[in-house]
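Chemist: just need the structure, nothing else, for what follows:
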Amino acid sequence: MLQTRDDTLAGIDSHTVDTDRLETHYLEAGAPNGADDAGGTVVFIHGNVSSSRFFEDVMTELPAGYHAIAPDLRGYGDSETKPIDATNGLGDFEADLRALFGELELADPVTLVGWSNGGGAAMRYAIDNPEQVDSLVLLNPLSPYGFGGTKDEEGTPCFDDYAGSGGGLGNEEFVAGLADRDRGEEGQSSPRKVLRTFYVDPSYVFDEESEESYLTGMLDTATGDENYPGNATECEHWPGAAPGDTGVNNAISPKYCSLDEITEIDPEEKPPVLWIRGDSDQIVSNESVFDVGTLGRMGQVPDWPGEDVFPPQPMVDQTRAVLEEYADAGGEFEEVVFGNTGHAPHVEVPGDFLNELEGVLQG
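Modeler: As a prediction, this is how the structure comes out:
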């Protein structure tokens, strides 16, 4: 096990461990795993175009006795870059997490905290390994029906080939900025501009040190057909691109991403779910500005076929509908909405987030 980063906050250790799947970097804080005073393990799973850096602050503020880890998923942060098999949905991320937990000998069920795409990975992990999950905290999570290309609460695809989702919908300027490790402020789609404008409520102001760390976390994203955003398939349906078979944006396409299976977990194994979201989230919402349906309605993508054919994906309504079905099938969930908060409540209102998380841990 190697020490990796030397710029972490006080109280945070950085490690890289070689599992049977991946050289995985992770941050660690709190009571070591297996310590007599350990209150349990909390695992923080980051989202798309981000890394474990986004959780450092809250990790240092966990109640005494808790063990916290925050891994970098494959192709992100300081973990190894390997191709993502999109045809398995988020299965590569789930299997990587399972291998990491085994290597670290996390014997007891863990609390999973998943943000955005990390919420999708957390749901996938709970579906496949419910006995290993004590509770599930979803932060502005990916819809159970993936991202893009669906039009109602049931996740009905707009087209049979799932056009309008997948790797072909990435913003070229943004992807180029990641590849070039652009730290500048120019351009509406520069990584720094996207961080300031869309990751948080536009009224939120980062302190300089945190902004630089978060920007580094974004720039530590492997780009290309096998990672972010992934490859694409030309098609006859609007907007002319359907999912490919590799890369993260294809893995979260509804063609391959099926997280509504969470309702089918055995009632005795269903972990309680806390769903936290910001009310001004522009990335995961009923009218996401990253969804081609919303952009078509706005006139940003030409030849939009209209509301009946391709409306904005109702991401929040889809999540609520699935979680209500989860509760009806023997589980339990709570929805908490933070006002004047965007896509990253743990960054924008860390005190409020930690209060909710402590309630889960103590419950």
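
Chemist: now the most centrally placed residue in the chain. Its backbone dihedrals?
Modeler: Ranked by distance to the mean C-alpha position of the chain (C-alpha atoms, centre = their mean), the top residue is residue 117 at 2.2 Å. Main-chain torsions, residue 117, degrees, to the nearest 10: phi -60, psi -30.

Chemist: what's it in contact with, if anything?
Modeler: By C-beta atoms under 8 Å, 6 or more residues apart in numbering, the contact set of residue 117 is 47-48, 90, 142, 248, 252. Every C-beta, even on glycine, is put in place using the N, C-alpha and C of the backbone.

Chemist: what's around residue 106, how many residues?
Modeler: The number of residues packed around residue 106, counting by other C-beta atoms under 10 Å, is 18.

Chemist: begin at 55 from here
Modeler: Sounds good: first residue 55 from here, last item residue 160.

Chemist: not counting its neighbours along the chain, what's nearest it?
Modeler: residue 95 (5.5 Å; C-beta to C-beta, 6 or more residues apart in numbering).

Chemist: ok, now which ones touch the one you found?
Modeler: If you count contacts by C-beta under 8 Å, 6+ apart, residue 95 has them with 87, 120-123, 160, 162, 164-165.

Chemist: what does residue 235 give?
Modeler: Taking C-beta under 8 Å, 6+ apart, we find residue 235 in contact with residue 273.

Chemist: so it versus residue 280, what's the distance?
Modeler: 19 Å (C-beta to C-beta, to the nearest Å).

Chemist: what does residue 99 give?
Modeler: 21 Å.

Chemist: neighbour-wise, which of those two wins?
Modeler: Between residue 99 and residue 280, counted using other C-beta under 10 Å, residue 99 has the larger neighbour count: 27 against 20.

Chemist: who's that one bridged to?
Modeler: Taking DSSP bridges as the rule, residue 99 bridges to residue 168.

Chemist: pretty sure it is touching residue 125, no?
Modeler: Yes - because the distance of 7.2 Å satisfies C-beta atoms under 8 Å, residue 99 is recorded as touching residue 125.

Chemist: now do the shared contacts for these two.
Modeler: Counting by C-beta under 8 Å, 6+ apart, the shared contacts of residue 99 and residue 125 are residue 151.

Chemist: so where do the strands sit in the chain?
Modeler: Secondary structure of the chain (DSSP state E): strands located at 56-57, 67-72, 77-84, 94-99, 120-125, 164-169, 187-193, 277-278, 282-283, 286-288, 295-297, 327-332, 387-392.

Chemist: out of the ones you listed, name the one with the poorest average pLDDT.
Modeler: Looking at these, the lowest mean pLDDT belongs to strand 56-57 (a mean of 54).

Chemist: out of the strands of the chain, which gets nearest to residue 211?
Modeler: strand 295-297 (10.4 Å; C-beta to C-beta).

Chemist: partner strands of that closest one and their direction?
Modeler: Its sheet considered, strand 295-297 pairs with strand 286-288 (antiparallel) by DSSP bridges.

Chemist: model confidence for residue 101, exactly?
Modeler: Predicted confidence (pLDDT) for residue 101: 98.

Chemist: count of neighbours near it?
Modeler: Should you count by other C-beta under 10 Å, residue 101 turns out to have 26 residues around it.

Chemist: so how far is residue 256 from it?
Modeler: To residue 256, residue 101 is 19 Å away according to C-beta to C-beta.

Chemist: again with residue 391
Modeler: Taken as C-beta to C-beta, the span from residue 391 to residue 256 is 18 Å.

Chemist: what does residue 156 give?
Modeler: Noted for residue 156: a distance of 42 Å to residue 256, by C-beta to C-beta.

Chemist: cool, and residue 300?
Modeler: Using C-beta to C-beta, one gets 34 Å for the distance from residue 300 to residue 256.

Chemist: more neighbours: which of the two?
Modeler: With other C-beta under 10 Å as the criterion, residue 300 and residue 256 differ in neighbour count, and residue 300 comes out ahead with 19 against 11.
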